[in-house]
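give the three-dimensional model of this entry:
(2 chains)
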Amino acid sequence: MRQGDIVEAVQNPAMDSPGPTIHAPSWRGAVRWLLLLPVVLVLVVFFIGPVVFNLVESLRLPNGGFGFDAYRRILTDAYFFEVGLQTLTLAAVVTVVCLVLGYPFAYAVARSSGTIKALLIFVLVAPLLVNVVVRSYGWMIVMGGGGLLDTASRALGLPAVNLMYSWLGIVIALVHVLLPFMVLSIASTLEAVDLNIEDAASVMGATPLQALWHVTIPMSIEGVVTGCIITFTLTVGSFVTVMLLGDNSTMVLPLLIYQRLTTVGDWGAAAALGIVLLVVVMSLLGLQAAFRRRKAGTA
Amino acid sequence: MNHFNLPLRFYVGAMVFFMLAPILVIVAVAFTPSEFASFPPRGVSLRWFEKVLNDPTFVGALWNSLRLGLVSTLLASVITVPATVFLVRHKPPGARALQTFMLSPLSLPTIILAVGLLFLNAKMGLGSSFWSLVAGHTVIVVPYIMRTVFAVYSSANAEIEHAAAVHGASPFAVFRHVTLPLLKPGLLAGAIFGFLMSFDEVSVALLLSDPKTVTLPVSILSYLVHNSDPAVAAVSTIQIAIAVGTLLILERLFGVRNLMFSSR
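Just a heads-up that it's a prediction; the model follows:
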């Protein structure tokens, strides 16, 4: 199949070898496209398919026709609206906390080397592979009534601590889940920042804080934006942590979808909420793509 | 790090503690001899491991998770590798769009995939619960395999394949004896990472599993809803050991940094 390419490459030495253009017989070119078929087929049926079914289900009326009733229902219902607002607020808070806590950590990762760097990355990546259910259980032991913090606090004569079923507990556990994504995406851009520029700023008389604010942070802005969008989208879509550490007062969108489906059997609302969630995630990803294009345009 | 000032060092230490705390607590509780989860544990005992390993619910779930992960990863590899090879070597028109398409399951919240698969299942019927789980997990694993195979194969030298073809190897022989060994490190890393993602997945497994196909995370989840004895900690410790062990293998083979930095 490659013989034709080689002959042409020999005859035409200017041809770029890693990406040869194909001048094989055309039926072979057509046959090659079949290599894409299995994966495209599987993704269309089991990835696009479920999204389409979700959309269809959200538009289906009880009488068998189609309409926007489910959307009207969820968008005018005060409870659904509140849950949506809570979901976005939670994601915003988790993102900001991850950014503030994560930036210095990312700086340390980017500026360290050897064993320490490997250890820091291991510390970030290892929890990612521990199941969210398991990690939530860990936080239940740490933060629940009679737990680690509670026992320590009582021993010191301080008031009892129970962060179960509270937003604070949920935020702590979610920050733990999402911090690695934030740190790793910031660290990857910080690594590309030339240390000499930072040094130059301080040689020119900038205080460390000025150098950080005017030099380091602007140069790592791409990692910051990517990290924030990843953190936000993953928080908006996460529900196991909230399910285990929260209760009905700390409801979020994905959990509500799950509940509508399994306890009430309200397919229409579940599907419509799913589409709302999808729209939120897609617009964030669109935002990121737009930012990347702008960045590429100015560079 | 070595030349960092004291506050930053202190801060990094605190963050490391924060990241490891819930995991260390679980491992400590798993070895507790008492009836309920207490910290710090009084003494050391293996009774909860014994209980868990004799409990058919957990052992069955662990087996289900391993089986599901292996089948989905294998299936995802078989369908993803040919397509990725085609995209890298032949750069067909629209290659970028196709690549983005194959990576896009990463961005879809799994709850939407799970709910959609449930609807799909109800309307069309995917057969058994096991195969609908495989369908969902294959979709989740494809991007991980695609990403590492793409990276490794893009940097491999196409001349070697050309040379084999010039010397008369059939397209299949070129693939089997040249291409496959070239992309093997990427395939291995992607497959291990993909397997871990399947092993870790909760949403699809929660909505589509039945009592016979329930996976380890889902069985821990439903156990937690009603109990909180140290048995959960023991199962979780087993899960942690599997995850960390696999991570170390992955690090050996490929370097975890390369996987994470290109993530999403």
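
can you list the buried residues in the lengthiest helix in chain A?
Secondary structure of chain A per DSSP state H: the longest helix is helix A:78-111. Neighbour-count burial for helix A:78-111, counted by 16 or more other C-beta atoms under 10 Å in any protein chain shown, picks out A:80, A:83-84, A:86-88, A:90-91, A:93-95, A:97-99, A:101-111. Glycine gets a C-beta too; all of them are placed from N, C-alpha and C.

then stretch B:73-93?
Buried residues in stretch B:73-93, counted by 16+ other C-beta under 10 Å: B:73, B:75-77, B:79-90.

pLDDT (mean, whole number) over that stretch?
Mean pLDDT, stretch B:73-93: 94.

contacting residues for the closest residue to chain B within the stretch 151-299 of chain A?
Here the residue of the stretch 151-299 of chain A nearest chain B is A:Gly237; by C-beta to the nearest C-beta that distance is 2.9 Å. When the contact criterion is C-beta atoms under 8 Å, 6 or more residues apart in numbering or on different chains, the partners of A:Gly237 are A:Pro254, A:Leu277, A:Val281, B:Pro109, B:Thr110, B:Ile111, B:Ile112.

what residue, apart from its backbone neighbours, is nearest the fourth one spatially?
This means B:Pro109. A:Gly237 (2.9 Å; C-beta to C-beta, 6 or more residues apart in numbering or on different chains).

okay, now the domains of chain A?
As given by automatic domain parsing, the domain ranges for chain A are A:3-50, A:69-298.

which residues in the stretch 1-150 of chain B form helices?
For the stretch 1-150 of chain B, helices defined by DSSP state H, counting those that start in this stretch occupy the ranges B:6-30, B:47-53, B:56-90, B:95-103, B:110-124, B:129-154.

can you put the ones you listed in CSV and add distance to chain A?
CSV is the format used below for these (distance: least, C-beta to the nearest C-beta, whole Å):
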stretch, distance to chain A
helix B:6-30, 3
helix B:47-53, 13
helix B:56-90, 4
helix B:95-103, 6
helix B:110-124, 2
helix B:129-154, 4
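
before we move on, back to that, give me the subset of the buried residues of helix A:78-111 touching chain B.
A:Leu101, A:Pro104, A:Phe105, A:Tyr107, A:Ala108, A:Arg111 (C-beta under 8 Å from any C-beta of the partner chain).

so, low pLDDT: which residues of the chain?
Picked chain A for this. Low-confidence regions of chain A, defined by pLDDT under 70, span residues A:1-28, A:298-299.

please refer instead to chain B.
If you take pLDDT under 70 as the line, chain B has these spans: B:1-4, B:37-41, B:126-127, B:254-264.

how about a cut-off of 80?
B:1-5, B:35-43, B:125-128, B:227-228, B:247, B:250-264 (pLDDT under 80).

tell me the gap between stretch A:49-67 and the middle of its chain.
On the basis of C-alpha atoms, centre = their mean, to the nearest Å, stretch A:49-67 sits 28 Å off its chain's mean C-alpha point.

same question for stretch A:125-136.
Distance of stretch A:125-136 from its chain centroid, counting by C-alpha atoms, centre = their mean, is 15 Å.

for that stretch, measure first residue to last.
Terminal residues of stretch A:125-136 are spaced 17 Å apart (C-alpha to C-alpha, to the nearest Å).

next: stretch A:252-266.
With C-alpha to C-alpha as the measure, stretch A:252-266 spans 17 Å from end to end.

just give me how far that stretch sits from the chain centre.
22 Å.

please apply the same query to stretch B:119-130.
That offset, for stretch B:119-130, works out to 24 Å (C-alpha atoms, centre = their mean).

and what of stretch B:149-161?
24 Å.

what number of residues lie near B:Leu8?
For B:Leu8, the neighbour count with other C-beta atoms under 10 Å in any protein chain shown is 15.

likewise B:His167?
Around B:His167 there are 8 residues (other C-beta under 10 Å).

next: the one 10 residues further on.
Per other C-beta under 10 Å, the neighbour tally for B:His177 reads 12.

again with the one 10 residues further on
Neighbour count of B:Leu187, defined by other C-beta under 10 Å: 20.

next: B:Gly194.
The local packing of B:Gly194 (other C-beta under 10 Å) involves 27 other residues.

can you name the element that comes right after the regular element (helix or strand) spanning it?
Assessed by DSSP states H and E, B:Gly194 sits inside helix B:180-200. Next helix or strand after helix B:180-200 toward the C-terminus (DSSP H and E): helix B:203-208.

contacts for that next one, please.
A:239-240, A:254, A:258, A:261-262, B:68, B:109-111, B:113-115, B:117-118, B:121, B:129, B:132-133, B:136-137, B:140, B:214-215, B:217-218, B:221.

alpha carbons of that helix, in PDB - could you do that?
Taking C-alpha atoms only, helix B:203-208 is exported to PDB below (Å, rounded to 0.1, in the frame of the first residue of the first chain):
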ATOM      1  CA  SER B 203     -22.900   7.400  36.900                       C
ATOM      2  CA  VAL B 204     -23.300   5.000  34.100                       C
ATOM      3  CA  ALA B 205     -22.800   2.000  36.400                       C
ATOM      4  CA  LEU B 206     -25.300   3.400  38.900                       C
ATOM      5  CA  LEU B 207     -28.100   3.800  36.400                       C
ATOM      6  CA  LEU B 208     -27.500   0.800  34.100                       C
END
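
on that earlier part again, out of the contacts of A:Gly237, which is nearest to A:Ser220?
Nearest to A:Ser220 among these is A:Val281, at 24.4 Å by C-beta to C-beta.

quick revisit: so can I have CSV of the contacts of A:Gly237 showing distance to B:Leu247 and neighbour count?
Below are the contacts of A:Gly237 laid out as CSV (distance: C-beta to C-beta, whole Å; neighbours: other C-beta atoms under 10 Å in any protein chain shown):
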residue, distance to B:Leu247, neighbour count
A:Pro254, 27, 26
A:Leu277, 30, 25
A:Val281, 28, 20
B:Pro109, 25, 23
B:Thr110, 21, 23
B:Ile111, 26, 27
B:Ile112, 28, 23
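
which ones are touching A:Thr235?
By C-beta under 8 Å, 6+ apart, the contact set of A:Thr235 is A:Leu90, A:Ala91, A:Val94, A:Thr95, A:Leu174, A:Leu178.

same check, this time on B:Ala135
Per C-beta under 8 Å, 6+ apart, neighbours of B:Ala135: A:Val42, A:Val45, A:Phe46, B:Leu117, B:Leu126.

cool, and B:Gln239?
Going by C-beta under 8 Å, 6+ apart, B:Gln239 touches A:Val130, A:Asn131, A:Val134, B:Leu216, B:Pro217, B:Ile220.

does it count as helix, strand or coil?
Recorded secondary structure, B:Gln239: helix (DSSP: H, G, I helix; E, B strand; the rest coil).

same deal with the one 5 residues further on?
Secondary structure, three-state DSSP: B:Val244 is helix.

against B:Ser222, how distant is it?
Counting by C-beta to C-beta, to the nearest Å, the gap from B:Val244 to B:Ser222 is 24 Å.

likewise A:Ser220?
In terms of C-beta to C-beta, A:Ser220 sits 43 Å off from B:Ser222.

which of the two has more residues huddled nearby?
A:Ser220 (24 against 15).

run through the residues that contact the more buried one.
A:Ile186, A:Thr189, A:Leu190, A:Val193.

are any of those residues buried, and which?
The buried subset of the contacts of A:Ser220 - by 16+ other C-beta under 10 Å - is A:Ile186, A:Thr189, A:Leu190, A:Val193.

list the contacts of the third one.
The reference is to A:Leu190. So A:Leu190 contacts A:Ala106, A:Tyr107, A:Val109, A:Ala110, A:Arg111, A:Thr216, A:Ser220, A:Gly223 (C-beta under 8 Å, 6+ apart).

switch the cut-off to 7 Å
A:Ala106, A:Tyr107, A:Ala110, A:Ser220, A:Gly223 (C-beta atoms under 7 Å, 6 or more residues apart in numbering or on different chains).
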